[in-house]
Structures are given as C-alpha cells and as structure tokens.
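**Student:** can you look at this prediction? I've put the sequence above it.
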Amino acid sequence: MKNLNFSPLKKLEIILGGEHQGFATDVLDRAGVKGYTIINNLSGKGSHGFHEGHLMFNEDDVLVMIIAAVPEDLVNPILEGLAPFYNEHSGVVFISDIQVTRLVKFSD
Amino acid sequence: MTLPLGQQLKIRAMLYVAGEPIPFFWPMRSFIHHNPLHGLEHMPFHKAVKTGMRLFHARGFLERHQYQDYLSQGKVDRAALSAEIEAFVAKQNPVNGIDLSHWLMTLLTRTEQPVSVKGSLAETRDVCAAVSGTPLETDIPVEPSAITAKLHVALLGDRPLYETVDALYGTEIGTELDELVIKSCLDFFDEGQSVWQMPGRKQGLFNAWRELATRNARLFLRGLHIKQILADEESPEGVIARVMHRLGIPEEQWVAYFSRELARLHGWTGFIRWRASARHYYWNQSYPADLVDFLAIRLTLALALLSERGRKRIATNRSAIEQAIETRPQETWLRHELHSGAILPAFAQRVEQTLARGRPQAIEKLFVEYARAKRRHEAEVQAERLRQLAEAADAREAFDALTPEQLTELLRILHDAEREEGMLWLRAMEARAMDKLLHEVNPAPPPERDKRPFAQALFCIDTRSERIRRHLETAGDYQTFGIAGFFGVPISFMELGKGSETHLCPVLLKPKNLVLEMAAIPSEDVAAVTALEKLLHELKESVLTPYVTVEAIGMLFGLDMIGKTLMPQSYNRWRQRLYRDKPSTHLLLDKLDREQADSIVRAVQRAMVAKAIEQECGLEPETITDDMVRELREAALGNASSAPGLREACKLSAEDEQAFIQRLRNVYRIDPAFAQLQMEQLGRIGFSLDEQANFVGQALRSIGLNRNLSRFILLVGHGSSSENNPYESALDCGACGGNHGLTNARALAQMANKPPVRNRLREQGLDIPDDAWFIPALHDTTTDEIRLFDLDRLPSSHVVYLDRLRSGLTGASRLCAQERMPELQLNPASVDPGAANRNARRNAMDWSQVRPEWGLSGNAYFIIGRRNMTRHLSLDGRAFLHSYDYHTDPKRRLLESILTGPLVVGQWINMEHYFSTVDNERFGSGSKVYHNVAGRFGVMTGNLSDLRTGLPAQTVLEQGQPYHQPIRLVTVIEAPFEHAWHAIEDVATVKHLVRNGWIRLMIVDPEQNTAHIYDDDEWHSQPLSEVIPNEPQMESSVL
C-alpha cells in the first residue's frame, strides 16, 4: 500500500422517517452532493421508543438513514436546510470527520 | 443577487414543512382515498379538527340539527350523550340553582341555534344588564386598547397580508390572486386536454411562468409590474425571500404564513405536493414543478396586486397595517366591521361614506355612536338566546334569579360546551355503533367441519364485499374470506398495448416487480407492420416477443425513439390497429434467466443497429447483412475497432465510419453501460419461485386458510363500471391503487396453481391439495355480477362443477342487487332480484347517472377476525372484513401486517368519507353536476376553481343530508387481549392512530369472552353477552 492520499471530508448520517426520504435526498442533491447511501428499515431505540424494522405493507412507516460524505463547506448549508424540518419532526443528524482516498468521488 | 445556498435550502425545507398539513391529491385516473387531515394525524383527533377548521375554513362536525335527526332515528345513543355531558359538567364549577346537565342536554337536543353569540364588544356586564332589563352602561367608552388587541389578533399573525388588506379595504385581492394562480397552473399542468400548450414547460413551473409573465402585456396593462419584482432574483427561493421581506413578515412566522398561503388553494397545493414526490410520474419528469415554484408565483402576483392597490394610498405591508392599528384604531376597526360583513346593516352606508371622506373627527364621532349600538345589539341578542334556552329547559325562574357572577359563569360554560359539542355528539354516535356490534358478535369458535366446502372465495376487505359474501354463503356450501384486494402481491403492471406502468398495490407501497401482460396468441398483424418488422423479427426467438407490444419493449429498454423518433406515422397507425379488440392474455410472472435476458438485449441491439444503417446510410433493408450488423454492434460496444462490412457497402471514410459508430453509441444507445441498465430493467420482470411461494403462503396464512382447501378457490378482485364519471376510479379497488383488482387476482392464481410453488409450500408445511384450483374473478360492484377469468386453464376434471359454481355466483349477485337497489332509487320500494339486476346494469351504462352505486359510503367498521364472528349478521355493506385467525400467527407478524397496511388504508377511506360528509364544500368536492375536468387529472367547479378534492356530494349526501354516517372507524380485532395489544404497540403508525383517537379500537377476546374498549387513554373491559347465532338475518340488520 503506497501512494495513498487521504483527504478529509465530513460524514453526515441523517436519520428520519421513510416518508421523508425524498425531502432529505432533495436537500443533498440541491446542495450538490455527489452521492449517498440509503439504509432502509432501521431498528433501534430513540425518544419515541423502540422502532422495529420489519413492516411489510407500509414502506413509509420505517426509519431510514442516509449517509453522505461531503466537503466541509457544504455541512453548514445542508444543516441549515434540514433545520426547519427537524423543528417539526423526530430524527437526528450525526456529523463526523472521515478520510477518503478517492476524493474525486465526493468533490469536484 | 443570489441567495446563499443555506438560505435557499432553508426556504425549501420551510415549504416542505408548511405544506405537510395539506394532503396529497392524486390524479383522478387513480383516485386515492385519503384523510384530508392526514398531515395533522400526529395530533389528537379533536385538536387536529380544530387546527384543520382554522386552516381550511371548514367544519369538523355535522351541524347540530343533523345530529338531532340521528338521535331521533336511534343512531345516537342518548344515554351515552348524557354521560358525555355529565363528564363535561363534572369539570365545571357548579352554578347555583342551575341544573347544568339538564341545560346542556336541552341545548344540544332541543334547540337548533347556538346559544353563544360571537361578540366583539359586548362585555358580560352588558349581557347581565340586558338580561335584567336595566339600561346598559353605554357611557363607558370602548377602550381603544381593547380594540387594538382584538385587531392585532384578527388582522396580523400568520394571515396572508392581502387577506388583511381585503378585510380592511374590500379590495378582493385574494380572489383575483387565486384566479391568476389557477390560470397559470392550468396552463402549466395540462396533460393533453388543452389544444394550446404553454411554451417552455420543460424548464419547470417557475421558470416557464416567469418567461411568460414578464412578457404578458395584459398583466402589465392591468398595472401589475411583475418584471420589477422578478428583476433582481433568479431563483424561486430568492423571489420568495425578497417578497416576504418586502411585505415585512418576520422570518419566524414564515412557515405558518406559508401554510395559510398554500391552504387557500389546497387542491392545487395537494396536487403539486403529490406530483413533486412522484418521481416516476411521466408529467413530473417532463415538466417539473414543486411548492417552491408555486409559492414564488403566488407571492410575486400577490405583491404585484398589492403594489397596484397601494397606489390608492392604502396600507399594503405589515408595518403600515401595524401603524394603522396603533394610530387609528377606530378607523381600522370600522373598516374591519364594514368589509368583514360584521357591520350592523343600519350603519353600513354611513360608515362607508364617512370612511370615504376620511375626516378623523367625523370617524371618531361615528365610532363612538356605532360602538355603542353594536354593544347593545350584541348584548341583547345574547340575552335573548339565553332566555330562550332557559324557557326550553323549563328553568326561567332559576335563570332570572342568577347574580351577575353566576350568569357570567353560566355563559362561559355554555360557550365551552358549544366548542366541545361536536366531540360529544360524535362519541355518543360511536357509542351506539360500538354497542350494537358488541351485542351481536359471536365470539364462539367456528364449528368443526367434516368435509371441505364446495368452494372458497377470497374477497377484498372492501365494505361492498360484505353483502355479496353474505349472499354467496347462503347460496350453498361456500366459505368466504376477506383479504386486501391486491391479494398481498404488489405489482407494477404493463398492460398489453400500453407503454406505461401502473402500480397495482396500496399507495403505501412501491412495487419492485414488473408484470407484463402478453397476448396468449401472437398477433397476426405483426408481419404487416413493415416499420417494425426488423425489430420484431429479431425478437421472434425470445420469450418476450412477439407476445408483448413494441411500446412495452420501448419502455423496458428506454427506447423512446422506437415509436416517436424513428417511425412516428407508421407507429401510430399500427398502434391504433393492433389489439383493437383485446385478445385473451396471460401474465408474464416468472423471472427471465440470465441467458434469456442476454439474448433479448442482443436482439434489441441488433434491431437498433439495422434500423440505424437504414436511416443514416440509406441502405435498403435487404442489403443489410447479418455480418454488417454484428460488426457494427461489436464496434459500438467497444469489442472491435472497425466495421469493414458497412465501410465497404457504403464506401465510407475511416472518419465517417468512426462517427457512425459513435452515433450508434450516443443516439441509438448501443453501449455497455446502457446494456447494463437494460439488463436491470429486465431483472424487474416477474417474481422468483421463492417470492411466488411466499406471496401465496402469506396470503393464505394471513386469512387463516391453511388447511381444508376446496376444489375451487376463487380470488375475487373488484371494480366498478360507470360512464361519464371522472370519479370512476374512486369506486375501484383502493388496495390496487384505484384500479380494478383482477390483475392481482390473476397473478396470485397463476402462482398458486403452479406445481413448483405448491411443492415449495408443502416443504413449509402448507399443503394445497392437488385438486385445488385457484380461479381469478372480478366482482363488478355496480352490477354485482361476478365473472370468472382464465377458465382456459381450468383442469378438465373441474369443468363438470363449473355450472354449479356459476349458478351459485349468479344467485348471490341477484340477491345482492336486490338488497342494494332500494337505496339507490328515489322510491325505496323493494324489487324482485331480476328487476334489481336490470336496474343495476342500467346504472352502469347510463351517461346521466351521477350515482351509479354508493361505493364505500356508509363504512363504519373494520373487523379483523374469523368470519364466524360476524357470519350471522347483516352489516349492510358498512364493514371492512379482514379474515384473521390468531391461532396461525403466534409471532403476531401477520396481524402487524394487517394493521400497517389494510387498516391504515381503511382509516384513510373512513376519514375521507367523514370529512367529505361533514363539510362537503370544503373537504368534499361539491355537486358533480357543476364539475368540469381540469387538465385531465382533476375536476373544477365551473370553469375556474381550486381543484376539487375529496368526494362529491352524490357519493356521501342524499338530497343534501348525510347518507354516509360520519363516525371514526370502529376497529375490532378478534384475538386474546395481550396478543392484539402487543401487535398494536409494535406498529408505531397504528399505535398513534389509536392513542390520538383517529380510530376507535375494540379487542374481542374469544378466550376470556370479554371485550376490551380503548377510550380516553385507557382500556375498559366488559363481558360479551351470549349470542346464539341464527341463520344469517336477511331482513333485520344490525344497524
């Protein structure tokens, strides 16, 4: 393993109700984020109790997580864009420092 | 100037949140029942209704006299109403000498007019004076500060500014603004109804509108200077921010302000919300639009209209209005009285003239005089109503003896009671419905059978199935079940001859698998179609063609050019001719294997290459050799560098050859990445064996049909048939996304009849006997007829029984029509089955029939349990019946599925009917007679109105009075208490619906013989009475 260049980025993990997935991806798309990963049917415990992730007939009724790696200068605009939503809805956003090797996948 | 990215995103999010209280509106081709207050379901029912009433200016309950009618008909439980009143009174301070319970009962049941007078000036001391007949202390002037505070509440807050201006100056900006916005929307959203098309629609709603509006001379001549407003901002977000700052609305109020603004045209808003969320929707992909565009247009036009009116020296921004309230409260108040319609008629002309003259002293003088008169008037009206109520309550003496303090307290209690009144009535009405059912259900386990039934039939849970099931059960040895009408198989369906997909499942789901409909016999017309000959010839060897149409291929392969670009005329001619009479069809349900998929992609590529040579190089089809095509294809895919065959035939230079190969990649999409996409598309076709076995197993287990399967198992989807009816889809199957349910029935039957599927199920312990045969069928809910399908596949051993089956079905149909017909006729006399059948058929074909059937109107119950519980009851087509046997579901997964899907959809349907009934003008769509189709996706009243949402008057009202009895869905689960309650606790949506009172829940525990009723955050238990079921009661109904 040689000549690996590590570039710093921020990772956003956005957790919200499945019916609002389109809203969150729209914010990311408009912010110019180049890609994201979506995990469906989350299980876990939060302030609203335990969420099971196995529902069959109602896809809106699950929690999803959207993971995106973004340059630092996009973090604030994205959070600003999510703020009015989280004033009304449950869910969380985690922000962490990460490093990637192929920066071109994440940033222009 | 451009708005910073963060600000733009923030405004978008604000609009997202602001739009949430306004429900989706789906195009009417597939009518989706929904709760008009869906966006408020996180609140308790009564609070949501209050919020909704304010936001939509609508009523949340019936009017008092309508509840009184129900009371006299026994549909409201008097004892329950009395108990509700007692509970209310218990929370109040007693008023000496007054029997509050009696007063309130009198108020609700014996007076039609509300006792509360909406007063703006009269104080309680004025009312006391009016009651006792002493002169009013009118020399005490009205404090300007009191008026200022009232004006603040009435005029500011989140109210759109032009509404305030209208309320003060009678300018009617709101009406004009709505009209301008509707016209813009009609132009942009048109889906092929209009001859003229708005230019530039591909750029999106705001941009297309902007292009036109800045050049629109009519708007300019009208004095609206749109250009100035739009000059400095590019983005719709920027325009919104700019206008809001100009209007002077503080940012913390924007979300609430946006909600009010959007709610003015809630039909259009709902449509745009839905459309923006429907990524697959063709028209949205072609002509995108969202709420940000919509609001930017609204605000621009609003500001232009305000500026135009502002030239007449009226206050047109927030601070100017605040100033008017602070510095000239008397004038502002008189203006508000005059233009909000609250003015005393005798003063109207003088007030108008004095305001027009604008002399401050004259205004002040008139104010003093008017305020005095108004105060007296309000006090006297209030006193009179109290007196009338006292008379009605037979308590005049006690009333006359009240001290002013007691009178004040009484007045407050009466006001509060009237505010809560709707809930009191509603709960008393529900109490009757719940009580009746609990007295009649039979919790005993079904008797053991010694032989299997002649036939079993699975019907949709739809309330209309209840009647036909009941009649079928009496027609012979039939056992019936209820299951969501898509039979648990979510399908994206491509119909024969159509090039688009239809989602056949509840809107809560997005189907992942594609099912193609194929002609059972290949079309003979194919050879005649020269333009497509090559492609179809190429595909001849594959499993797909020639059974599916070219549209389907074009769609599957993203080859839009097949029809529209390469061969527009011949394509359209061919399309019109082919499948004019629909041939018999099969469904392609199985997955293609890799080899098949590969060969199909290759064949399509070869056809495209051949077509390209013909078009671009002008070669005749017979001179195009297979080698030439192969070389070119390889080259385009990057497996070869040149194509000597073509080069020779056409004498091309090396550059031309490379350019042609490049063109094949770019224009004709012959490249590896695109091929990969095509493979993915093909991968969507059909279901794997495991998936098929799971669907069949899940469907049978979820209704408790896991043993004793009959020779015939009918899967009965349903649909309606009517003519000239934009609401036809509302009568189809909601579980199939507003389509008829036959395709899903056919799909499940085809799966269940397949030996490999049965083998797989046998391994899982579900044994379908070899002689059991699944037959798809369609129940026409307008005529009550049941037609069987795919009989060509029926084993010969079953044919002998077919007559018996058919005569059973026919008998049930005719009896069902006989039961239903009197409710549809003006004269509700009963008819014989034959005449009923004829009338029902006529309804289906009559162009002028506004009410072909009552549809889901009347729905009241959702019953999850074994049929034995209700088999002996006539539920009048008012119950959704979902079969469920808790013995087969120890882990509660099946029950949870029923709760999350079918029950939630049932609740939407129920709430749609509820609100369309209590306020048909605001939540419903008014009379069908005035409806015009708008843009091919909705209806308007007259030639310009908001899109009408909800149900038309003809669906829920009969001669202006409710036909549907609006109550919340009474949901019954038959299972041990712990079992059912845990399932509900595990499903967040349903848990909230129950706790917030959007559905009324009862658990019938057959093991303890106890009913558990959830009410006011707690459970109440009561023993179930012994029921000795008779044979089904045809005449007496439970309700």
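**Tutor:** Sure thing, it's come through.

**Student:** helix, strand or coil: sort out B:Gly638 for me.
**Tutor:** coil (DSSP: H, G, I helix; E, B strand; the rest coil).

**Student:** is chain B within reach of stretch A:18-33?
**Tutor:** Yes. Looking at stretch A:18-33 against chain B by C-beta under 8 Å from any C-beta of the partner chain, the contacts come from A:22-23, A:26-27, A:30-31. Where C-beta positions appear, they are placed from N, C-alpha and C, glycine not excepted.

**Student:** tell me the mean pLDDT for that stretch?
**Tutor:** Mean pLDDT, computed over stretch A:18-33, is 93.

**Student:** next one: B:Glu237 from chain A, what distance?
**Tutor:** 10 Å (C-beta to the nearest C-beta, to the nearest Å).

**Student:** tell me the contacts of the residue of the stretch 651-800 of chain B found nearest chain A?
**Tutor:** Closest to chain A within the stretch 651-800 of chain B is B:Gln698: 8.2 Å, counting by C-beta to the nearest C-beta. Contact partners of B:Gln698, counting by C-beta atoms under 8 Å, 6 or more residues apart in numbering or on different chains, are B:488, B:894, B:897.

**Student:** which residue packs closest to residue 13, ignoring adjacent ones?
**Tutor:** As the question left the chain open, I've gone with chain A. A:Phe94 (4.2 Å; C-beta to C-beta, 6 or more residues apart in numbering or on different chains).

**Student:** was after chain B, sorry
**Tutor:** Using C-beta to C-beta, 6+ apart, the closest residue to B:Ala13 is A:Pro84 (4.1 Å).

**Student:** can you classify the one you found as helix, strand or coil?
**Tutor:** helix.

**Student:** so B:Ala777 belongs to a helix, correct?
**Tutor:** No. Per three-state DSSP, B:Ala777 lies outside any helix segment and is strand.

**Student:** burial of B:Gly133, as a residue count?
**Tutor:** 7 (other C-beta atoms under 10 Å in any protein chain shown).

**Student:** got it, and B:Pro360?
**Tutor:** Neighbours of B:Pro360 (other C-beta under 10 Å): 10.

**Student:** check residue 107 and give its pLDDT.
**Tutor:** Went with chain A since none was named. 74.

**Student:** my bad, the chain I had in mind was chain B
**Tutor:** 95.

**Student:** which secondary element of chain A has the worst mean pLDDT?
**Tutor:** strand A:49-51 (a mean of 63; mean pLDDT, DSSP states H and E).

**Student:** how about the residues of the stretch 1-150 of chain B near chain A?
**Tutor:** Checking the stretch 1-150 of chain B against chain A by C-beta under 8 Å from any C-beta, the hits are B:4-10, B:12-14, B:16-17, B:20.

**Student:** one step back: how deep is the residue nearest to B:Ala13 tucked in, by neighbour count?
**Tutor:** 21.

**Student:** contact partners for it?
**Tutor:** Contact analysis of A:Pro84 by C-beta under 8 Å, 6+ apart lists B:10, B:13-14, B:16-17, B:255.

**Student:** can you report phi and psi for A:Val64?
**Tutor:** The phi/psi pair for A:Val64 (degrees, to the nearest 10) reads phi -120, psi 160.

**Student:** surely it is in contact with A:Ile39?
**Tutor:** Yes. Taking contacts as C-beta atoms under 8 Å, A:Val64 lies within contact range of A:Ile39: 6.5 Å.

**Student:** neighbour-wise, which of those two wins?
**Tutor:** A:Val64 (22 against 13).

**Student:** which strand residues bridge the more buried one?
**Tutor:** Counting by DSSP bridges, A:Val64 is bridged to A:Leu16.

**Student:** contacts only, for it.
**Tutor:** A:Val64 makes contacts with A:15-18, A:21, A:38-42, as judged by C-beta under 8 Å, 6+ apart.

**Student:** between the residues you listed, which sits nearest B:Val127?
**Tutor:** A:Gly17 (49.7 Å; C-beta to C-beta).

**Student:** what's the local residue count around the closest one?
**Tutor:** For A:Gly17, using other C-beta under 10 Å, the count is 18.

**Student:** quick one: stretch B:849-866 to chain centroid distance?
**Tutor:** 16 Å (C-alpha atoms, centre = their mean, to the nearest Å).

**Student:** figure out the length between the terminal residues of it.
**Tutor:** Stretch B:849-866 has its terminal residues 38 Å apart, counting by C-alpha to C-alpha, to the nearest Å.

**Student:** flag every buried residue along that stretch.
**Tutor:** B:849-866 (16 or more other C-beta atoms under 10 Å in any protein chain shown).

**Student:** how about B:Leu592, what does it touch?
**Tutor:** Applying C-beta under 8 Å, 6+ apart, the residues contacting B:Leu592 are B:543, B:600, B:682-683, B:685-686.

**Student:** for B:Thr941, same thing?
**Tutor:** B:925-926, B:930-932, B:948.

**Student:** please report phi then psi for it.
**Tutor:** Residue torsions, per degrees, to the nearest 10, at B:Thr941 are phi -90, psi 130.

**Student:** tell me what it is bridged to.
**Tutor:** In beta-bridge terms (that is, DSSP bridges), B:Thr941 pairs with B:His931.

**Student:** and it, what pLDDT?
**Tutor:** B:Thr941 is given a pLDDT of 88.

**Student:** any idea how far chain A is from it?
**Tutor:** The value you get for B:Thr941 to chain A, if C-beta to the nearest C-beta is used, is 31 Å.

**Student:** now the stretch 151-300 of chain B against chain A: closest residue?
**Tutor:** B:Ser277 (5.6 Å).

**Student:** is that residue in contact with B:Glu20, as I believe?
**Tutor:** No. When contacts are counted by C-beta under 8 Å, B:Ser277 is not listed as touching B:Glu20 (11.6 Å).

**Student:** what pLDDT does B:Ala393 get?
**Tutor:** 93.

**Student:** please, which helix or strand holds the spatially closest residue to it that is not a sequence neighbour?
**Tutor:** Spatial nearest neighbour of B:Ala393, chain neighbours left out: B:Thr106 (4.2 Å); criterion: C-beta to C-beta, 6+ apart. Secondary structure from DSSP states H and E places B:Thr106 in helix B:100-110.

**Student:** what does B:His913 give?
**Tutor:** helix B:904-918.

**Student:** same check on B:Gln382?
**Tutor:** With DSSP H and E as the criterion, B:Gln382 is inside helix B:360-392.

**Student:** quick one: buried residues of that helix?
**Tutor:** Result for helix B:360-392 [16+ other C-beta under 10 Å]: buried residues B:363, B:366-367, B:370-372, B:374-380, B:382-383, B:385-386, B:389-390.

**Student:** can you check stretch B:244-264 too?
**Tutor:** Neighbour-count burial for stretch B:244-264 [16+ other C-beta under 10 Å]: B:244, B:246-247, B:249, B:254-264.

**Student:** what's around residue 88, how many residues?
**Tutor:** I'll assume chain A. 13.

**Student:** should've been chain B
**Tutor:** Neighbour count for B:Phe88, taken as other C-beta under 10 Å: 19.

**Student:** again with B:Asp889
**Tutor:** Other residues close to B:Asp889 by other C-beta under 10 Å number 20.

**Student:** so which bits of the stretch 351-500 of chain B are right by chain A?
**Tutor:** Proximity of the stretch 351-500 of chain B to chain A (C-beta under 8 Å from any C-beta) is limited to residues B:Ala484.

**Student:** contacting residues for the closest residue to chain A within the stretch 351-500 of chain B?
**Tutor:** Residue of the stretch 351-500 of chain B nearest chain A, by C-beta to the nearest C-beta: B:Ala484 (7.6 Å). Each residue near B:Ala484 by C-beta under 8 Å, 6+ apart is listed here: A:57, B:460-461, B:506, B:735, B:882, B:901-902, B:905.

**Student:** which of the contacts of A:Pro84 are buried?
**Tutor:** B:10, B:13-14, B:16-17, B:255.

**Student:** which single one of the residues you listed is nearest to B:Pro1006?
**Tutor:** Within the buried ones among the contacts of A:Pro84, proximity to B:Pro1006 (C-beta to C-beta) peaks at B:Val17, which comes in at 45.2 Å.
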